[in-house]
Structure formats: structure tokens, C-alpha cells
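K.L.:
Sharing a model prediction with you, sequence too.
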Amino acid sequence: MKSMIKKVSNLLLLSFLGIFLFCSIASAHVTVTPDESTTGAWETYTMKVPVEKDVATTKVTLKVPEGLEVKSYQPVPGWNFTSEKDANGKLATITYETTGEGILPGQFQQFTFVAKNSDTATKAVWDAFQYYKDGTVVEWTGDEGSEKPHAITNIVAGAAEGNNHDADSAKEETKNDKSNDTQSNGQSNSLPLILSSLAAILSLAAFVLAVRKK
């Protein structure tokens, strides 16, 4: 019985360690979010770079998916931003390289940039190259389910003019609010006059009753 309990305990321990190791490896991937956006939209993307080795990451290069245009980036203290353009003058790759220690083991760093999505629905594939201080390079360029997969953003059909619609809605709400405020102010301004008139009527009624009693 004790032997059986020991075997079961060892099996559960191995299973737990396996799940933990799998989750640790999965979470160590370079990712780009969001994983879904709409056609023609100006999207804010974030590349998350964790460290899976015992040495620091000192540089990361990201290939810009075909059809997307990187417009701007958010500066990150301790990192320089560079880019390369294609034959059409659009950014083909963006690179962040450290001026300090880099991303240390057990840490991660996020890099944020804005890109304009393609006007047609597609799968935007983000190939990333992670450079370590020891000279090794991890290529996150594999298909989904592979050991080193690239990140993918599904660009789905949607109204890019949604932002304009939101702006128009906001203007309409502001207009309605002002209209409501005007009505409320009108009601508030007329309230003292109504109360004064009511008080005068009550005073007159009281005077008439007093005269009749006499």
C-alpha cells in the first residue's frame, strides 16, 4: 500500500513538474499584442520580450508584416531604436538595442509602437530575433505550435472610420448635454417665479378668509 502511494505521489510530482516546465517555456515566447485588430486601423502594438536564458538580452529585431506601416514608437529608457526601410520607403524592420545591461534573467521588457493596418483582412506575421549577451540569437520565426513560434495578429474586416463615428457620437452627446443643461437652467430659473406666485396666491386666499371671518 505504501509502495503504491509512493508511486502515485512520484507520478503526480512528475506531472506537476512537466506542466510547470511547459508553462514556463510557453510564457518565454516573444509575443506581439493585440492578437486581433481591424483593417485600416491605427493600432498600438506591444512586443513583450522575456528572457529564457541565464544571460541578458541585449537586442531585439522585429520584422514588420507585409501591408502594415509602422508610424511611431514609444522611447524606452536604456534602449536605442533603429529601423531599415524597404524599396518603397516603408519600415521593413525595427530594432531595439540596449545601452545598458539589457533585459536580465527573470525579467521581461515591453516595446510599444503604432502601426497602420492593411486595408484587407490578413494574418500579420511578426518574425522576431532575440539577441543575447553571449552572442546567441533565438529566431522566433516558426509556425504556430512550433518550439519557437512567431506572433500573429489577425487583421479582420472592420470599419476603420469607427474612430470618426465615436468622435461624432461624442459631439452629439456633448450637444445633448448642453441642451439638457439649458433646459435644466431654464427650469431652475423659472422655479423661484413659480414659488413666488404660489406664495402670493396663498397669501391672498388667507387674507380673503380672514376678512370673511370678520
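P.N.:
In hand now; what should we look at? Numbers count the residues shown, from 1 in each chain.

K.L.:
Please count neighbours and contacts with C-alpha atoms only from this point.
P.N.:
OK.

K.L.:
Residue 81: neighbouring residues, count only.
P.N.:
Neighbourhood size, residue 81 [other CA atoms under 10 Å]: 15.

K.L.:
ok, it - contacts?
P.N.:
Counting by CA atoms under 8 Å, 6 or more residues apart in numbering, residue 81 touches 75, 94, 95, 96, 97.

K.L.:
Check residue 155 too.
P.N.:
Taking CA under 8 Å, 6+ apart, we find residue 155 in contact with 36, 37, 38, 39, 117, 118, 120, 121, 122, 123, 124.

K.L.:
go on, residue 99?
P.N.:
Residues near residue 99 by CA under 8 Å, 6+ apart: 78, 79, 80.

K.L.:
export the contacts of residue 155 to TSV and tack on secondary structure?
P.N.:
Below are these laid out as TSV (DSSP: H, G, I helix; E, B strand; the rest coil):
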residue	secondary structure
36	strand
37	strand
38	strand
39	coil
117	coil
118	coil
120	coil
121	coil
122	strand
123	strand
124	strand
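
K.L.:
out of those residues, who's nearest residue 150?
P.N.:
Using CA to CA, residue 124 comes nearest to residue 150 of the contacts of residue 155, at 10.1 Å.

K.L.:
List the contacts of the closest one.
P.N.:
Shown in contact with residue 124 (CA under 8 Å, 6+ apart): 65, 66, 68, 152, 153, 154, 155.

K.L.:
What's the local residue count around residue 119?
P.N.:
Neighbour count for residue 119, taken as other CA under 10 Å: 17.

K.L.:
from what I can see, it looks like it's in a helix, true?
P.N.:
No: secondary structure of residue 119 (three-state DSSP): coil, not part of a helix.

K.L.:
circling back: mind giving me JSON lines with the contacts of residue 155 and columns for pLDDT and distance to residue 130?
P.N.:
What follows is those, written out as JSON lines (pLDDT from 0 to 100; distance: CA to CA, whole Å):
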{"residue": "36", "pLDDT": "98", "distance to residue 130": "23"}
{"residue": "37", "pLDDT": "98", "distance to residue 130": "25"}
{"residue": "38", "pLDDT": "98", "distance to residue 130": "28"}
{"residue": "39", "pLDDT": "98", "distance to residue 130": "29"}
{"residue": "117", "pLDDT": "98", "distance to residue 130": "24"}
{"residue": "118", "pLDDT": "97", "distance to residue 130": "26"}
{"residue": "120", "pLDDT": "97", "distance to residue 130": "30"}
{"residue": "121", "pLDDT": "98", "distance to residue 130": "28"}
{"residue": "122", "pLDDT": "97", "distance to residue 130": "25"}
{"residue": "123", "pLDDT": "97", "distance to residue 130": "22"}
{"residue": "124", "pLDDT": "98", "distance to residue 130": "19"}
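
K.L.:
quick one: which two of the residues you listed are the most distant?
P.N.:
36 and 120 (13.5 Å).

K.L.:
Which residues are in contact with each of those two?
P.N.:
Common neighbours of residue 36 and residue 120, using CA under 8 Å, 6+ apart, are 155, 156.

K.L.:
circling back to that earlier point, take the contacts of residue 124 and lay them out in CSV including pLDDT and distance to residue 55.
P.N.:
Putting those into CSV (pLDDT from 0 to 100; distance: CA to CA, whole Å) gives the following:
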residue, pLDDT, distance to residue 55
65, 98, 29
66, 95, 32
68, 98, 33
152, 98, 27
153, 98, 29
154, 98, 33
155, 98, 35
